[in-house]
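Student: build the 3D model from these lines:
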Amino acid sequence: METEEQARNRFQSELEFVQCLANPNYLNFLAQRGYLRDRPFMNYLKYLLYWKEPEYAKFLKYPHCLHMLELLQYEHFRKELVNAQCAKFIDEQQLLHWQHYSRKRTRLQQTLAEQQQPPQQPPPPHGNAATK
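Tutor: Numbers count the residues shown, from 1 in each chain. As a prediction, this is how the structure comes out:
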């Protein structure tokens, strides 16, 4: 049976490893060294799918690692990762997504802030305009 400290260490190690999967260059490294053809390693990646559950996913700083973990379940994707150009393309697409997401999120936050402000009352009429 696992002690509390061992469980905590395993949790931290698995959390760090799962988040490393968000890095396409690391995936390329694993593919080029044959890890993605190793049956025990693939079984480990399958085991790590539990991170998709909300009670675990909430600890992830880079949630797109879950998408990579899911893609790693497919042999065709694993074979393509051997090519450095594939990793570069994924890296560029992630960057474009983050840039677009940031702008879109900023616009959404501004819109929500504007909607939450109480409507402004028109200013009272100026001096002589009220008496006419």
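Student: would you tell me which helix is longest in the protein?
Tutor: helix 84-116 (DSSP state H).
Student: and it, which residues are buried?
Tutor: By 16 or more other Cβ atoms under 10 Å, the buried positions in helix 84-116 come out as 86-87, 90, 94. C-beta coordinates here come from the backbone N, C-alpha and C atoms, glycine included.
Student: ok, residues contacting the helix or strand where residue 9 lies?
Tutor: Element membership of residue 9, judged by DSSP states H and E, is helix 4-20. The contact list for helix 4-20 (Cβ atoms under 8 Å, 6 or more residues apart in numbering) reads 2, 26, 48, 51, 59-62, 65-66, 69.
Student: cutoff 6 Å now
Tutor: By Cβ atoms under 6 Å, 6 or more residues apart in numbering, the residues outside helix 4-20 that reach it are 26, 48, 51, 59, 62, 65.
Student: quick one: mean pLDDT over stretch 7-22.
Tutor: When pLDDT is averaged along stretch 7-22, the result is 96.
Student: related to what we said a few turns ago, check the offset of the longest helix of the chain from the chain's centre.
Tutor: Distance, stretch centre to chain centre, for helix 84-116: 11 Å (Cα atoms, centre = their mean, to the nearest Å).
Student: again with stretch 25-36
Tutor: Centroid separation for stretch 25-36 versus its chain: 20 Å, with Cα atoms, centre = their mean.
Student: what's the spacing between residue 3 and residue 9?
Tutor: The gap separating residue 3 from residue 9 is 9 Å, by Cβ to Cβ, to the nearest Å.
Student: more neighbours: which of those two?
Tutor: Neighbour totals were compared for residue 3 and residue 9, and residue 9 leads with 12 against 8 (other Cβ atoms under 10 Å).
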